[in-house]
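Asks: mind looking at a prediction? Sequence and model below.
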Amino acid sequence: MPWDILLIFFVLGVIVPWRGRAKLQHLLAKPHVEPAERISLYGSTIAFQWLATAVAGWRAWAHGFTAAQLGLAMPQRLAVIVIATLGAAVIVTLQWLNLRRMGRSASPLRRPLQALAERILPQSTKELIPFLALSVTAGLCEEFLYRGFAMATLSRAGLPVGVVILVSSVIFGLAHLYQGRAGFVSTMVLGLLFGASRAALGSLVPAVAWHTGVDLVAGIAGPRYLVQCKAVTEEVK
């Protein structure tokens, strides 16, 4: 595998997780995060993701990858659109119900999720708008990086499709390690689903739609159920 491709994998698998964890630890150490800090976090993340996508796309083009190899084509247009739409509806609903369940839960897992939500999720309409832009950016950029670029380069290296999906999903999970062990596992599982759809349909469109939907719900329902809603044990005191 060429050195520049390996360098991009190093950034995705090591630098991105380290950067995310360091930023979160900095935020968690604060008793309160100001709205301007959250908006700045959204803006810097958007810029970083588009820069990473531009570099990966440039190097993929330089190495002769086609749009179809990168998942940027729609060979089964109708099937892709139908699956993307129905899948997004199901995933968005499940994400919303899960956040509502966690918001009302007395589980020990709720406290770290609440701390995370209080610091990185939007707390007002002013913050929600840039967060929505971040959600769309993550859906587009992360899917290109992990399901487009990563899967294409791993496939060219001769790895079986199952291994390609697994490796790209692990790297994707590592990028969300700042959410803790549960966040890593859940994100990796989503990565397996997204990767399977990309391999089966030859298109990133369903994964982009599903990923964007998950993040949008997190920004809308997360503050409502994890910050504003009190746990059951807190309500009965």
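Replies: Looks like it came in fine. Residues are numbered from 1 along each chain as shown.

Asks: excluding covalently adjacent residues, which one is nearest to Ser197?
Replies: Closest residue to Ser197 apart from its sequence neighbours, by CB to CB, 6 or more residues apart in numbering: Pro206 at 4.6 Å. The C-beta positions use only the backbone N, C-alpha and C, and glycine is treated the same way.

Asks: list phi and psi for the one you found.
Replies: Phi and psi for Pro206, reported as degrees, to the nearest 10, are phi -60, psi -40.

Asks: and it, how far from Arg198?
Replies: Going from Pro206 to Arg198 by CB to CB, to the nearest Å gives 8 Å.

Asks: Gln114 now?
Replies: 33 Å.

Asks: low pLDDT regions in the chain?
Replies: Where the chain drops to pLDDT under 70, the residues are 229-237.

Asks: about what we covered before: run a quick check on the residue nearest to Ser197 versus Ile83, I expect a contact.
Replies: Yes: counting by CB atoms under 8 Å, Pro206 does reach Ile83; the two are 5.2 Å apart.

Asks: what is whatever helix or strand Ser155 lives in packed up against?
Replies: Element membership for Ser155, per DSSP states H and E: helix 150-156. Applying 3 or more CB pairs under 8 Å, 6 or more residues apart in numbering; DSSP states H and E, one finds that helix 150-156 makes contact with helix 3-10, helix 161-175, helix 180-201.

Asks: between the first one and helix 161-175, how big is the angle?
Replies: Put plainly, it is helix 3-10. For helix 3-10 against helix 161-175, the angle by axes from the mean of the first three to the mean of the last three CA atoms, to 10 degrees is 60 degrees.

Asks: which elements pack onto helix 3-10?
Replies: helix 35-62, helix 150-156.

Asks: so between Pro206 and Ile83, which is more surrounded?
Replies: Pro206 (28 against 19; other CB atoms under 10 Å).

Asks: next one: that one from Phe9, what distance?
Replies: Going from Pro206 to Phe9 by CB to CB gives 24 Å.

Asks: same check, this time on Arg156
Replies: From Arg156 across to Phe9, the span is 13 Å (CB to CB).

Asks: Arg198 now?
Replies: Distance from Arg198 to Phe9, by CB to CB: 18 Å.

Asks: neighbour-wise, which of those two wins?
Replies: Taking neighbours as other CB under 10 Å, Arg198 and Phe9 compare with Arg198 leading, 26 against 18.

Asks: right, and the more buried one touches Leu204 too?
Replies: Yes: counting by CB under 8 Å, Leu204 is a contact partner of Arg198 at 5.8 Å.

Asks: quick check: neighbours shared by the two?
Replies: Common contacts of Arg198 and Leu204 (CB atoms under 8 Å, 6 or more residues apart in numbering): Gly71, Glu143, Arg147, Gly148.

Asks: quick check, nearest of those residues to Glu34?
Replies: Closest approach between the shared contacts of Arg198 and Leu204 and Glu34, by CB to CB: Glu143, at 31.0 Å.

Asks: show me the contacts for Thr125.
Replies: Contacts of Thr125 (CB under 8 Å, 6+ apart): none.

Asks: and it, backbone torsions?
Replies: According to degrees, to the nearest 10, Thr125 has phi -60, psi -40.

Asks: coming back round to it: centre of the chain to the helix holding Ser155, how far?
Replies: Computed by CA atoms, centre = their mean, to the nearest Å, the chain-centroid distance of helix 150-156 equals 19 Å.
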